[in-house]
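J.: Test case, fold it:
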Amino acid sequence: MRVPDFFHALVLLNLLFACGLWALMRPSGRASLVLAGVAVAWIIWNGPIEGATLIAFSSRHGVTESDLLSLVAFWIAGSSYERMRRNSAETTR
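T.: Got it, this is the predicted structure:
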């Protein structure tokens with residue numbers, strides 16, 4: 001697998017922020033799914049801008065500062081999906 005360069009990591013970071021904003025502003029299943037997918041991609045390809053290692057599992061693997069953005073993105077995706085579900089249940093009453 002090719003290691004991403006700094007530019008591609010920044011593009012992915014901006015996509016993560018844009019999808020997070022989309023999920024917050026217009027909660028839908030599609031927005032939540034796309035945000036979760038981009039969060040998984042961020043965990044895999046955030047190498048050039050990872051930051052400090054917070055928890056080390058081995059000398060080459062651990063949780064970094066930028067991995068926390070994926071946790072926030074998963075939380076936003078889940079809450080967006082729940083808001084969408086709650087809103088659709090209220091409108092069907």
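
J.: Which parts of the chain are strands?
T.: With DSSP state E as the criterion, the chain has strands at 53-56, 62-64.

J.: Would you mind giving those strands as TSV with mean neighbour count and mean pLDDT added?
T.: Bear in mind the C-beta positions are built from the backbone N, C-alpha and C, glycine included. Converted to TSV, the strands of the chain look like this (neighbours: other C-beta atoms under 10 Å; pLDDT from 0 to 100):
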stretch	mean neighbour count	mean pLDDT
strand 53-56	11	89
strand 62-64	16	88
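
J.: right, so of these, which gets closest to H8?
T.: Of all these, strand 62-64 sits nearest to H8, with 17.2 Å by C-beta to C-beta.

J.: Paired strands for that closest one, with orientation please.
T.: Take DSSP bridges as the rule and strand 62-64 pairs in its sheet with strand 53-56 (antiparallel).

J.: which stretch among the strands of the chain comes nearest G37?
T.: strand 62-64 (20.1 Å).

J.: coming back round to it: just tell me which of the strands of the chain ends up closest to V11.
T.: Ranking the strands of the chain by proximity to V11 (C-beta to C-beta) places strand 62-64 first, at 18.8 Å.

J.: which residues touch the closest one?
T.: 46, 50-57 (C-beta atoms under 8 Å, 6 or more residues apart in numbering).

J.: Can you get me a residue count around S58?
T.: When neighbours are counted by other C-beta atoms under 10 Å, S58 registers 6.

J.: per-residue confidence for it?
T.: Listed pLDDT for S58 reads 86.

J.: what are the phi and psi angles of it?
T.: Main-chain torsions, S58, degrees, to the nearest 10: phi -150, psi -170.
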